[in-house]
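>>> below are the sequence and a predicted model; questions follow.
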Amino acid sequence: MLTPSQTFHQLSLFETDLLLQLDAADPLLLLAAEIPWDEFDDAFSVHYAKGIGAPSKPIRLMVGLLILKQLENLSDEAVVLQWKRNPYYQAFCGMKEFQRTLPCHSTELVHFRGRIGAEGFDRIFRMSVDLHGEAALEDAVHIDTTVHEKNITYPTDSKLAIKIINRLNKLAKVHDIQQRRTFIKEVKSLRLAIRHFRHAAKRAKAKRALKRLRTIAGILIRELRRQLPQHCLFERYQQDFLLYERVLKQQPKDANKIYSLHEPQVYCVAKGKDHKQYEYGSKASIASTAKGNLIVGVVNHDQNMHDSHTLPEILHHVEASRGKAVKQAVCDRGYRGKREVNGTNIVLPGKALKQDSRYQKDKKRKQCKRRAAIEPIIGHLKSDYRMARNYLKGAIGDRINLLMAACAWNLKQLLLAIFLLFFRVRNMQITPI
């Protein structure tokens, strides 16, 4: 049994401020000292109005939370809670005294992302590149593409039809529209019949169930179209109905299919992997320096295009983010068809030319072998920096998540460099007995 003196923590009368007790050599605090927070204050202050509404949160706090979220692979809710518990996080975000309350509600991060937009996150990414100085200005870069998967369920025609039916029933209930029939019980039985698509003897039954689901969805759409004009709501939901009709009419072999109702811009990418033949999201191009493995350019593509067609856009972003054009880009065989793009020489693996000297052959071979270093970078972006599954809404959410993942990678490299430098200096100060 604990006594009252053991149960309650008694503060010292001469206790100093908690932030003054932190390790000044901690890499996170040293990184905070390098980041130009004033530039973010000047750039993002235009998104706020003086004297209107509640006082806004400090811009450094919001930017710091977004950086910590990506660095530590946390959700919006988790990073706000961890900020309250971790004094180093608070110092990183510019707090002078220890805070015992949450910095903000997690939804305020959503509003802040909407305020600054993709251009604001591009500025944060450029900051992560500029912090590395000359190391980011290498003449050669490695370029590769990957699939930036979206947070959607595996798409099937039956799933989409059932979701459309549920949405239409919910719409009628919200606006108190009397329906002749909701088909809820029938949809439950049809959902069970859909499971037999892979069973040869019951496939016909599953096909009839899918056809019936589409018929039910069509019935509900037509009924609501007759009822909504009476409630002056037809124009408000007309675009949704057009999307539903397009989904119900699409066939397995159609091009430009809709795979998700809440993310209609998502497209299917076939990568040929054994464990995952198809991935649903968007294609992303990533460019890293040949020696330092720093990410100097990222682009999210709205369309599923051939890898060679993505080169102009990613090379332009590299030049814009670091202020220097690329002289040489080393790519894999998926970029066949391009040898030069806007003055940049494209190096592809292949048979050596007869006119090449032995030095040129060896140099090209080493460059192509070194290009494989970008593969683990993409793996770390997905496993450590929230690129495995994107939870942000829309095409702009794809771009924001990609920029912040690349920013977190660059900042992590800087944190490791700070740690190694401090470790070496500390070892040099230790003298043998």
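All right, it came through fine.

>>> tell me the helices and strands packed up against the helix ranked longest in the chain.
For the chain, the longest helix by residue count, based on DSSP state H, is helix 394-429. Helix 394-429 sits against helix 27-34, helix 59-71, helix 107-130, strand 140-149, strand 278-289, strand 295-301, helix 374-384, with contacts defined as 3 or more CB pairs under 8 Å, 6 or more residues apart in numbering; DSSP states H and E. (C-beta placed from N, C-alpha, C; glycine too.)

>>> pLDDT averaged over that helix, what's the number?
Mean pLDDT, computed over helix 394-429, is 86.

>>> and what of stretch 215-222?
96.

>>> and that stretch, which residues are buried?
Buried residues in stretch 215-222, defined by neighbour count with 16 or more other CB atoms under 10 Å: Ile216, Ala217, Gly218, Ile219, Leu220, Ile221.

>>> mind listing what the last one touches?
Which is Ile221. Neighbour list for Ile221: Leu168, Phe241, Tyr244, Glu245 [criterion: CB atoms under 8 Å, 6 or more residues apart in numbering].

>>> kindly report the same for the fifth one.
Applying CB under 8 Å, 6+ apart to Leu220 gives the contacts Ile165, Leu168, Asn169, Ala172, Gln179, Phe183.

>>> one more: the first one?
If a contact means CB under 8 Å, 6+ apart, then Ile216 has Ala161, Ile165, Phe183, Glu186, Val187 as its contacts.

>>> show me which positions of stretch 192-210 end up buried.
Neighbour counts over stretch 192-210 (16+ other CB under 10 Å) mark Ala193, Ile194, His196, Phe197, Ala206, Ala209, Leu210 as buried.

>>> low-confidence stretches in the protein?
Within the chain, the segments meeting pLDDT under 70 span 1-18, 423-433.

>>> one more time with 50, if that's ok
For the chain, applying pLDDT under 50 flags the ranges 1-7, 9, 13, 431, 433.

>>> surely Ser260 and Pro155 touch.
Yes - counting by CB atoms under 8 Å, Pro155 is a contact partner of Ser260 at 6.4 Å.

>>> quick one: common contacting residues for the two?
Tyr280.

>>> neighbours of Gln82, just the number please.
15 (other CB atoms under 10 Å).

>>> what sits up against the helix or strand where it lies?
Element membership of Gln82, judged by DSSP states H and E, is helix 76-85. Contacts to helix 76-85, defined as CB under 8 Å, 6+ apart, come from residues 65, 68-69, 72, 74, 89-90, 93, 99-107, 109-110.

>>> could you look up the next helix or strand downstream of that helix?
helix 87-92.

>>> ok now that following helix, how far from the chain's centre?
Distance of helix 87-92 from the chain centroid (CA atoms, centre = their mean, to the nearest Å) equals 24 Å.

>>> with stretch 88-107 instead?
With CA atoms, centre = their mean, you get 24 Å for stretch 88-107.

>>> now do stretch 141-152
10 Å.

>>> sorry, back to before: what subset of the contacts of Leu220 is buried?
Ile165, Leu168, Asn169, Ala172, Phe183.

>>> if we can go back for a sec, what's the closest of the contacts of Ile221 to Leu137?
Within the contacts of Ile221, proximity to Leu137 (CB to CB) peaks at Tyr244, which comes in at 51.0 Å.

>>> name the residues of the one helix or strand that closest one maps to that are buried.
Per DSSP H and E: Tyr244 is located in helix 234-249. For helix 234-249, a neighbour-count test (16+ other CB under 10 Å) marks Tyr237, Asp240, Phe241, Tyr244, Val247, Leu248 as buried.

>>> for the nearest residue to Lys338 once chain neighbours are set aside, grab the count of nearby residues.
In space, and not counting its chain neighbours, Lys338 is closest to Ser308: 4.5 Å by CB to CB, 6 or more residues apart in numbering. If you count neighbours by other CB under 10 Å, Ser308 ends up with 16.

>>> report the contact partners of Ser308.
Contacts of Ser308 (CB under 8 Å, 6+ apart): Gly334, Tyr335, Arg336, Gly337, Lys338.
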